[in-house]
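Asker: What follows is a predicted structure for the sequence shown.
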Amino acid sequence: MTENTPKQDQPFEPVKAYKNLEFLNSPAARPIRMLCEYTEPRTRFDKYNIRDTIVFFGSARTVSREDALARLKAAEIKCENETTHQLQEELFRAQRDLNHSKYYEDARQLANRLTTWAKSLPNNHNRFAVCSGGGPGIMEAANRGAMEAGGPSIGLNISLPMEQHPNPYQTPELSFEFHYFFIRKFWFIYLARALLAFPGGFGTMDELFELLTLLQTGKTHRKVPVIIYGTDFWNQVLHLDALQKAGVISKADKDLIRLFDDVDSAFEFLRDELTKHFVNVDEE
């Protein structure tokens, strides 16, 4: 080859479709992304022997008692120096957060007790793993209680432009990040053997009524106990008696839900229901 001979370009190497990030993030590849959010979690659940869960729903805005007390103290100090409408609002929110912190502590304790009980089952390996949406608030409390009891702690996180960020109490191998709400809800419900709904907003109600609809219509044949925790809150926002009176639900539909206000009663109910419908059945 002489100096005047033109150099040949490197041979063209096309990108494989499954390595083409531009394509995988395009609208055309949406079905592939959906399938990934179904298949990848299933593979991990199988690997770590997660076959049933206890799901906690509740507000992402509920804080621990420790954090609530710190916020209240800070607000009271500000109000000592001056009183404005804005500071009064801040004090009101701090007092409200302290009142609602009871739900954080109860969720944490209940998740801890359920995990401790599940670990005591004969031949148990990750039975009835605590599962939450992976974010702050009640989700954090549930994951925290499970981790403190030394059990698996599942977080089904969702990418949102605000509010949601993964809490630090999830088992790393069982911490997931979803883009699609409907596939995330599938994984909430598919493995659930019990569900607890603590006070929450649109997201909590959406997830709660999704499961209730499946139970009502017989789309799931399992006997999944559903607990509504916090009678004062739920009686204000849910009027099931009015729905029954109007004839749009039956008494049997209303009986799908059990209300509780204390950890001991809720734990005993769940322990007995899970034992009757799942533990004893599996041992037969």
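Answerer: Arrived safely. Numbering: from 1, shown residues only.
Asker: what ranges do the strands span in this structure?
Answerer: According to DSSP state E, the chain carries its strands in the segments 53-57, 129-132, 153-158, 175-178, 192-197, 226-229, 257-260.
Asker: Those: which one's closest to L98?
Answerer: With C-beta to C-beta as the criterion, L98 lies closest to strand 226-229 of these, at 18.0 Å. Quick note: C-beta positions are derived from backbone N, CA and C, even for glycine.
Asker: Summarise which helices and strands the closest one is packed against.
Answerer: Contacts defined by 3 or more C-beta pairs under 8 Å, 6 or more residues apart in numbering; DSSP states H and E place strand 226-229 against helix 85-119, strand 192-197, helix 202-217, strand 257-260, helix 263-274.
Asker: so where's this structure uncertain?
Answerer: Residues of the chain that meet the criterion pLDDT under 70 lie in 1-9, 163-164, 281-284.
Asker: Pretty sure Y229 sits against R258.
Answerer: No. In this structure, Y229 is not within contact of R258 by C-beta atoms under 8 Å, at 9.6 Å.
Asker: Of those two, give the one with the bigger neighbour count.
Answerer: Y229 (25 against 15; other C-beta atoms under 10 Å).
Asker: beta partners for that one?
Answerer: F260 (DSSP bridges).
Asker: Let me know how buried the residue nearest to G230 when sequence neighbours are not counted is, in neighbour terms.
Answerer: Excluding its sequence neighbours, the residue lying closest to G230 (C-beta to C-beta, 6 or more residues apart in numbering) is P199, at 4.8 Å. Using other C-beta under 10 Å, P199 is surrounded by 23 other residues.
Asker: Next, the contact list for the closest residue to I189 other than its chain neighbours, please.
Answerer: Spatial nearest neighbour of I189, excluding adjacent residues (C-beta to C-beta, 6+ apart): L211 at 5.6 Å. Contacts for L211 (C-beta atoms under 8 Å, 6 or more residues apart in numbering) come out as 188-189, 192, 195, 220, 224, 226.
Asker: before we move on, what about T231?
Answerer: 259-261.
Asker: T220 is in contact with I189, isn't it?
Answerer: Yes. T220 lies in contact with I189 (C-beta under 8 Å); the separation is 7.1 Å.
Asker: Can you check which residues contact both of the two?
Answerer: Any residue near both T220 and I189 by C-beta under 8 Å, 6+ apart counts here, and that gives 211, 214.
Asker: Of those two, give the one with the bigger neighbour count.
Answerer: Counted by other C-beta under 10 Å, T220 and I189 do not tie: I189 has more neighbours, with 20 against 14.
Asker: roughly how far apart are that one and D253?
Answerer: The spacing between I189 and D253, counted by C-beta to C-beta, to the nearest Å, is 17 Å.
Asker: still on that earlier bit, now, of the contacts of L211, which are buried?
Answerer: 188-189, 192, 195, 224, 226 (16 or more other C-beta atoms under 10 Å).
Asker: follow-up on the earlier one: Serialize the contacts of L211 to JSON lines and add fields for distance to E22.
Answerer: As requested, the contacts of L211 are exported to JSON lines (distance: C-beta to C-beta, whole Å):
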{"residue": "F188", "distance to E22": "32"}
{"residue": "I189", "distance to E22": "34"}
{"residue": "A192", "distance to E22": "37"}
{"residue": "L195", "distance to E22": "40"}
{"residue": "T220", "distance to E22": "39"}
{"residue": "V224", "distance to E22": "42"}
{"residue": "V226", "distance to E22": "44"}
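Asker: got the buried residues for stretch 181-189?
Answerer: Counting neighbours by 16+ other C-beta under 10 Å, stretch 181-189 gives 183-189 as buried.
Asker: In JSON lines: these, plus distance to V55.
Answerer: Formatted as JSON lines, the buried residues of stretch 181-189 follow (distance: C-beta to C-beta, whole Å):
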{"residue": "I183", "distance to V55": "15"}
{"residue": "R184", "distance to V55": "11"}
{"residue": "K185", "distance to V55": "10"}
{"residue": "F186", "distance to V55": "12"}
{"residue": "W187", "distance to V55": "10"}
{"residue": "F188", "distance to V55": "5"}
{"residue": "I189", "distance to V55": "8"}
